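Engineer: Here you go, sequence then predicted model.
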Amino acid sequence: MQSLVLCSNFNTRHHVDSFSRVPSHPIRPKCSSLPHNRPLRNFNPLTPALTLRQGVALCAMDGAVIRQEGGFQTLMDYMGKDGADVADDMAILFSHLQSACKCIAALVASPSNSVLGKQKGHGVAATGSITGRDAAKPLDIISNDIIKSALRSSGKVVVMASEEDDSPVWLTKDGPYVVTFDPLDGSRNIDASIPTGTIFGIYNCLKELDDDLPIEEMASLNVLQSGARLLAAGYALYSSATMLCISVGSGTHGFTLDRSIGEFVLTHPGIIIPSRGQIYSVNDARYFDWPEGLKRYIDTIRQGKGENPKKYSARYICSLVADFHRTLLYGGIAMNPRDHLRLVYEANPLSFLVEQAGGSGSDGKRRILEIQPAKLHQRLPLFLGSSADISELEGYGDIQQLVNPGYEV
């Protein structure tokens, strides 16, 4: 499949983004040639708006224009001294990750999806494996190659682990970071143009390990760190807009891809999830397989008889990133009560992000970030959302679905 080598020369082919008319610097993109400083007509800073002038998007939220003096605050600007002020190595890594996400965004929006969606994947990942992973689709494989190529070319990653690979991939002893990721979450929905996403988590490399250990063992120990040791995490949402929500340990922030300049621009600074929502997200069709505690909780909140007197509504997309993104913004709970979602590269990064936004992540009994992974593709129940809603749900006790009849959809 020729598409598998889309990003084989990542360093040389991604400095000019495919969306952009402006070259991208690998560390700190600037768009000084654009007319940022010209006065805007008919702009009311007190009204949330999206004002376009000569192809440049100006985002205003809550009366504050999200821009730096002389330009908009891009993701790489945010990584610098005027924002999170992260280490140079971390900024370089995020530069490569954002370029990979732009590449995947173009891929999932391409008309070629109608062809790829009808093809079967190739190799072990395409057919599942002894790890019990889901069979990969062609777009899963291509997206996996894109991110792996980006991480390799960054020069900052010691070992990486993906949903699409049976075991971690060791790169070098010299890099500072470990990255775990799900390259394309929700890919089964692509044929119906339903939102999909990419999830990733970043850890420090375990420098204390004995250099005499086998490479396979060192790789495994590095990727099986608990979520409490995460340095940063993020997800990309490929939908009506392409968004990249990230945290480097100082809150959760959302960036939207401005295709006119080819950059992720800060549009949702300091996201705070409401302490309680009014929406739950779960596959209600599985109701009769649920444990009694979960049934009672859902029945209670739907009738408005829970701690929140308002009746809850159900919203369910069956795309983890999409359901989580809505929950992060509006509050409530996104959940899968059975042992289905993966701890290392799905539950941990998203729990880190929701906690940084003031929410909670739980398996129904324990805080997700305190769970020590035992294997790369370990599955567990997952409940993410508003802290008050999660606390109330856990109070019902029996909420983990232990029976798994073997659903095909």
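Structural biologist: All right, it came through fine. Numbers count the residues shown, from 1 in each chain.
Engineer: Point out where this protein drops to low pLDDT.
Structural biologist: Along the chain, the parts satisfying pLDDT under 70 run over 1-71, 113-134, 408-409.
Engineer: quick one: the helix or strand hosting H325 to chain centroid distance?
Structural biologist: Assigned by DSSP states H and E, H325 falls within helix 320-330. Chain-centre distance of helix 320-330: 10 Å, with CA atoms, centre = their mean, to the nearest Å.
Engineer: now do stretch 102-110
Structural biologist: Worked out by CA atoms, centre = their mean, stretch 102-110 lies 15 Å from the chain centre.
Engineer: send the alpha carbons of it over as PDB?
Structural biologist: The C-alpha coordinates for stretch 102-110 follow below in PDB (Å, rounded to 0.1, in the frame of the first residue of the first chain):
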ATOM      1  CA  LYS A 102      -2.400  17.900  10.600                       C
ATOM      2  CA  CYS A 103      -1.400  15.100   8.200                       C
ATOM      3  CA  ILE A 104      -4.000  12.800   9.700                       C
ATOM      4  CA  ALA A 105      -6.700  15.500   9.600                       C
ATOM      5  CA  ALA A 106      -6.100  15.900   5.800                       C
ATOM      6  CA  LEU A 107      -6.100  12.100   5.400                       C
ATOM      7  CA  VAL A 108      -9.400  11.500   7.200                       C
ATOM      8  CA  ALA A 109     -11.100  14.300   5.200                       C
ATOM      9  CA  SER A 110      -9.800  13.100   1.900                       C
END
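Engineer: The helix holding H325 - contacts with which helices or strands?
Structural biologist: strand 196-204, strand 230-238, strand 242-247, strand 263-271, strand 279-281, strand 333-342, helix 348-356, strand 379-385 (3 or more CB pairs under 8 Å, 6 or more residues apart in numbering; DSSP states H and E). C-betas here are computed from N, CA, C, even on glycine.
Engineer: Nearest to S95, out of the ones you listed?
Structural biologist: When the helices and strands packed on helix 320-330 are compared by CB to CB, strand 263-271 sits nearest S95, at 10.6 Å.
Engineer: Count the residues that sit near the closest residue in space to T74 that isn't next to it in sequence.
Structural biologist: Excluding the flanking residues, the one nearest T74 by CB to CB, 6 or more residues apart in numbering is E263, at 4.4 Å. By the measure other CB atoms under 10 Å, the count of residues near E263 is 27.
Engineer: hang on, isn't E263 packed against L75?
Structural biologist: Yes - with contact defined as CB atoms under 8 Å, E263 reaches L75; the gap is 7.2 Å.
Engineer: on that earlier part again, can you put the helices and strands packed on helix 320-330 in TSV and add distance to D211?
Structural biologist: TSV is the format used below for the helices and strands packed on helix 320-330 (distance: least, CB to CB, whole Å):
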stretch	distance to D211
strand 196-204	17
strand 230-238	23
strand 242-247	32
strand 263-271	38
strand 279-281	46
strand 333-342	30
helix 348-356	27
strand 379-385	33
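Engineer: Nearest approach to G364 belongs to which of those?
Structural biologist: Among the helices and strands packed on helix 320-330, strand 379-385 comes nearest to G364, with 5.2 Å by CB to CB.
Engineer: now for the next helix or strand after the closest one, which elements pack on it?
Structural biologist: Next helix or strand after strand 379-385 toward the C-terminus (DSSP H and E): helix 387-394. Packing partners of helix 387-394 (3+ CB pairs under 8 Å, 6+ apart): strand 333-342, strand 360-362, strand 379-385.
Engineer: Dump these into a markdown table; add distance to Y316 as well.
Structural biologist: Compiled in a markdown table, the helices and strands packed on helix 387-394 are given as follows (distance: least, CB to CB, whole Å):
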| stretch | distance to Y316 |
| --- | --- |
| strand 333-342 | 9 |
| strand 360-362 | 19 |
| strand 379-385 | 13 |
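Engineer: wait, doesn't H377 sit right on S162?
Structural biologist: No - using CB under 8 Å, H377 makes no contact with S162, being 10.2 Å away.
Engineer: ok, those two, which is more surrounded?
Structural biologist: Comparing H377 with S162 by other CB under 10 Å, the one with more neighbours is S162, at 26 against 18.
Engineer: Distance from the chain centre to the host helix or strand of L97, please.
Structural biologist: Using DSSP H and E, L97 maps to helix 88-108. Centroid separation for helix 88-108 versus its chain: 12 Å, with CA atoms, centre = their mean.
Engineer: In it, which of the residues would be classed as buried?
Structural biologist: Buried residues in helix 88-108, counted by 16 or more other CB atoms under 10 Å: 90-108.
Engineer: Stretch 333-347 now?
Structural biologist: For stretch 333-347, burial by neighbour count (16+ other CB under 10 Å) applies to 333-338, 340-347.
Engineer: Next: stretch 202-209.
Structural biologist: Using 16+ other CB under 10 Å as the test for burial, stretch 202-209 gives 202-203, 205-206.
Engineer: Return the closest of the residues you listed with respect to G293.
Structural biologist: Checking the buried residues of stretch 202-209 against G293 by CB to CB gives Y203 as the nearest, at 33.6 Å.
Engineer: what residues are up against the nearest residue to the closest one once chain neighbours are set aside?
Structural biologist: Excluding its sequence neighbours, the residue lying closest to Y203 (CB to CB, 6+ apart) is V178, at 4.3 Å. V178 is in contact with 157-161, 202-206, 222-223, 225, counting by CB atoms under 8 Å, 6 or more residues apart in numbering.
Engineer: May I have the phi/psi pair for V178?
Structural biologist: phi -120, psi 130 (degrees, to the nearest 10).
Engineer: Mind listing the residues bridging to it?
Structural biologist: Counting by DSSP bridges, V178 is bridged to V159, Y203.
Engineer: Spit out the contact partners of the residue most central in space within the chain.
Structural biologist: Computing the C-alpha centroid of the chain and ranking residues by CA atoms, centre = their mean puts Y235 first, at 1.7 Å. When contacts are counted by CB under 8 Å, 6+ apart, Y235 touches 185, 197-200, 244-245, 321, 324-325, 349-350, 353.
Engineer: Fine by me, we can end here.
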